[in-house]
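**Student:** make a model of this:
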Amino acid sequence: MTVRPSGIRPATTADAPAIARVHVTSWRETYAGLMPDDFLERMTNDEMRQRREMGWERTLSQRLETVLVAEQDGAVVAFASAGPARDHPDYEMELMTLYVLKSAQGRGLGRALFGEMLRALSAAGFENLALWVLEANPTRQWYLRQGGREAGEKLDGELREVRVVWDELPG
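**Tutor:** You can find the predicted model right below:
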């Protein structure tokens, strides 16, 4: 069953707790074995969930990023965010996050959410997009299947990240 874009909508400040929950749960589900255990624990504990909730409330209330959520049965199960590119020369926008709960994966939800994000950015007048993904993260190949191309890498402590870019957003 493929999720239809009708389950995808712009996030509101009321979504901050659900986004924070999906954020930390997805980190646990996605990065176990890819990041050091102690680091992963610090990034997904209850204190971090609360910090993420406050951060998402600020991001949403101040409109610092474009944030979309995807719902199934009335619950947020995925989200994506994009904002001004931080360290991607020649790229306007950066995909900051795209997380789908493991229980909601495999049904096209991530692809639909990403497609909606590309359309939203294009409609806002942006022309290109970049992101960082862990070299060992299986979603690295997923992004390439979505039309991205690899364009460099960086080392952040023990973690190697690969830049994936879209030179032209669909118009």
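**Student:** ok, and what's touching the strand ranked longest in the chain?
**Tutor:** Under DSSP state E, the strand in the chain containing the largest number of residues is strand 75-84. For strand 75-84, the surrounding residues in contact (Cβ atoms under 8 Å, 6 or more residues apart in numbering) are 11, 15, 18-19, 21-23, 59, 64-71, 92-101, 103-104, 109-110, 113-114, 116-117, 121, 129. Every C-beta, even on glycine, is put in place using the N, C-alpha and C of the backbone.
**Student:** now it, how far from the centre of its chain.
**Tutor:** 6 Å (Cα atoms, centre = their mean, to the nearest Å).
**Student:** what do you get for stretch 102-109?
**Tutor:** Centroid separation between stretch 102-109 and its chain, computed with Cα atoms, centre = their mean, is 14 Å.
**Student:** kindly report the same for stretch 73-92.
**Tutor:** Offset of stretch 73-92 from its chain centre (Cα atoms, centre = their mean): 5 Å.
**Student:** just to revisit the earlier point, of the contacts of strand 75-84, buried ones?
**Tutor:** Listed as buried from the contacts of strand 75-84 are 11, 15, 18-19, 21-23, 59, 65-71, 92-101, 104, 109-110, 113-114, 116-117, 121, 129; burial here means 16 or more other Cβ atoms under 10 Å.
**Student:** which helix or which strand is home to the nearest residue in space to Arg86 that is not next to it in sequence?
**Tutor:** Among residues not flanking Arg86 along the chain, Glu94 sits closest, at 6.0 Å (Cβ to Cβ, 6 or more residues apart in numbering). Following DSSP states H and E, one finds Glu94 within strand 93-100.
**Student:** what lines up beside that strand in the sheet?
**Tutor:** Here strand 93-100 has these sheet partners by DSSP bridges: strand 75-84 (antiparallel), strand 129-134 (parallel).
**Student:** export those strands as JSON lines, with columns for mean pLDDT and distance to Gly157.
**Tutor:** Listed next are the strands paired with strand 93-100 as JSON lines, based on pLDDT from 0 to 100; distance: least, Cβ to Cβ, whole Å:
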{"stretch": "strand 75-84", "mean pLDDT": "96", "distance to Gly157": "23"}
{"stretch": "strand 129-134", "mean pLDDT": "95", "distance to Gly157": "12"}
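**Student:** now render those strands as JSON lines, adding distance to Arg160.
**Tutor:** Shown next, in JSON lines, are the strands paired with strand 93-100 (distance: least, Cβ to Cβ, whole Å):
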{"stretch": "strand 75-84", "distance to Arg160": "23"}
{"stretch": "strand 129-134", "distance to Arg160": "7"}
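**Student:** quick one, which of those strands gets closest to Asp167.
**Tutor:** Distances from Asp167 to each of the strands paired with strand 93-100 were compared by Cβ to Cβ, and the smallest falls on strand 129-134, at 8.9 Å.
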